[in-house]
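> Need a 3D model of the sequence below.
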Amino acid sequence: MPRSHQRRTPLTHPEAADVDLFDVLHALSDPTRMTIVQTLHRDPERACGTFPVDVAPSTLSHHFRVLRESGLIHQREEGNRRLTSLRQEELDGRFPGLLDTVLAAAGSPAAP
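Below is the predicted model of the structure:
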């Protein structure tokens, strides 16, 4: 089958109740992943190639996977694009105030 006709592997996201605090903190410990989260905090949904990071596409995919598997982001397919959003409400329900506290400590401006 030609590559253009192959389907991507389905994206998996943990249920909010299964999100682990240590996985979230680990995901936020990397500067590139923190930049992704800060960007999503300001801009609710973005296409994967539009983040202000300077890494190779394969490295960016790795960072998205870590963020997705930790429960910080949600990704969805739209045509040939993958759109990414922050799971702010779900995270606030699981760990009230955690994300806002980490973002404030990192110097992120408040979301509009």
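> For the rest of this, base every contact and every neighbour count on C-alpha atoms.
Noted.
> residue contacts, the residue nearest to the spatial centre of the chain?
Centroid-nearest residue in the chain, with CA atoms, centre = their mean: Ile73, separated by 3.3 Å. Taking CA atoms under 8 Å, 6 or more residues apart in numbering, we find Ile73 in contact with 64, 67, 84-87.
> do that again at 6 Å, thanks
Residues in contact with Ile73 (CA atoms under 6 Å, 6 or more residues apart in numbering) are 67, 85-87.
> ok, the closest residue to it other than its chain neighbours to Leu67 distance?
Nearest residue to Ile73, sequence neighbours excluded (CA to CA, 6 or more residues apart in numbering): Leu86, at 4.5 Å. Here the criterion is CA to CA, to the nearest Å. By it, Leu86 lies 9 Å from Leu67.
> what do you get for Glu90?
14 Å.
> How about Ala47?
Ala47 is 15 Å from Leu67, by CA to CA.
> Looking at these two, which is more packed in?
Each of Ala47 and Leu67 has its neighbours counted (other CA atoms under 10 Å); Leu67 has more, 25 against 15.
> what about the more buried one, helix or strand, and which?
With secondary structure defined by DSSP states H and E, Leu67 is part of helix 57-70.
> what's the next secondary structure element after that helix?
Taking DSSP H and E, what comes next after helix 57-70 is strand 73-78.
> For the helix or strand that that next one is followed by, buried residues please.
Following strand 73-78 in sequence order, the next helix or strand is strand 81-86 (DSSP H and E). Residues 83-86 are the ones in strand 81-86 that count as buried (16 or more other CA atoms under 10 Å).
> And stretch 62-74, by the same measure?
Using 16+ other CA under 10 Å as the test for burial, stretch 62-74 gives 63-74.
> Including distance to Thr32, could these go into TSV?
Listed next are the buried residues of stretch 62-74 as TSV, based on distance: CA to CA, whole Å:
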residue	distance to Thr32
His63	7
Phe64	10
Arg65	13
Val66	11
Leu67	11
Arg68	14
Glu69	16
Ser70	15
Gly71	17
Leu72	14
Ile73	14
His74	17
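> No more questions from me, cheers.
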